[in-house]
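Enquirer: attaching a predicted model along with its sequence, questions to come.
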Amino acid sequence: MSRKSPARTSRAKPIYVLNGPNLNLLGSREPELYGRTTLADIEQAAAAQAKAHGYEVIFRQSNHEGVLVDWIQEARTAAAGVILNAGAYTHTSLAIHDALRALDRPLIEVHLSNIFAREPFRHHSHVSPVATGVICGLGATGYLLAIDALASLLKEKTA
Ligand code: DQA
């Protein structure tokens, strides 16, 4: 009788991929900066990438700071790790910074654009000081690299 190795998906907590304000407009919003890929495209690709590592993805977007804080708090117990593109809240939100400080899970900060090559007000991130790692400037591919990075960090943790 062939016995499949137990799927990680049946036991592992999911990877949370959280997106902040205006990212629902991806594909049509400033495509010269953010590309033509929609958030739904990214969700699909992220789910496939995570599945290859044995993880499910909980993929969400909100334009509201408090909702993002609620999801980060939820992730403290419900997620294996978090990928966060906080959009403009990256540069402004102490509430998101504080929620992330309490996360106690690997956290990858993602930005589609290279925030350091843009306006000075985008050069500071309240997420970076509490992130495990940061990926920016690689467009939608950044999300997939973040999933690879998280999967590798989680593997190290359980090894
Ligand atoms: C962004 C960069 C932020 O500065 C901006 O406010 C966004 C998108 C990015 O993915 O490049 O909304 O997070």
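Expert: Happy to help now that I have it.

Enquirer: and the contacts of the helix-or-strand element of the chain with minimal mean pLDDT?
Expert: Taking mean pLDDT, DSSP states H and E as the measure, the chain has helix 31-34 as its least confident helix or strand, at a mean of 90. For helix 31-34, the external contacting residues (Cβ atoms under 8 Å, 6 or more residues apart in numbering) are 26, 112-113, 139. Placement of C-beta: from N, CA and C, glycine included.

Enquirer: tell me the first helix or strand C-terminal of it.
Expert: Counting by DSSP states H and E, the element after helix 31-34 in chain order, helix or strand, is helix 39-52.

Enquirer: any residue of that following helix touching the ligand?
Expert: No - if you take Cβ under 6 Å from any ligand atom as the test, helix 39-52 misses the ligand, and the best it gets is 10.6 Å.

Enquirer: list the contacts of that helix.
Expert: With Cβ under 8 Å, 6+ apart, helix 39-52 has contacts from 9, 14-15, 17, 19, 23-24, 26-27, 56-57, 59, 61, 83, 140, 143-144, 147-148, 151.

Enquirer: of those residues, buried ones?
Expert: Using 16 or more other Cβ atoms under 10 Å as the burial test, those include 14-15, 17, 19, 23-24, 26, 56-57, 59, 61, 83, 140, 143-144, 147, 151 as buried.

Enquirer: ok, which of the contacts of helix 39-52 also contact the ligand?
Expert: Among the contacts of helix 39-52, no residue lies close to the ligand (Cβ under 6 Å from any ligand atom).

Enquirer: re earlier: which pair in the contacts of helix 31-34 spans the largest distance?
Expert: Greatest spacing in those, by Cβ to Cβ: L26 and S113 (11.4 Å).

Enquirer: quick one: secondary structure of D104?
Expert: Here D104 is recorded as coil under DSSP: H, G, I helix; E, B strand; the rest coil.

Enquirer: hang on, it packs against A79?
Expert: No - with contact defined as Cβ atoms under 8 Å, D104 does not reach A79; the gap is 10.5 Å.
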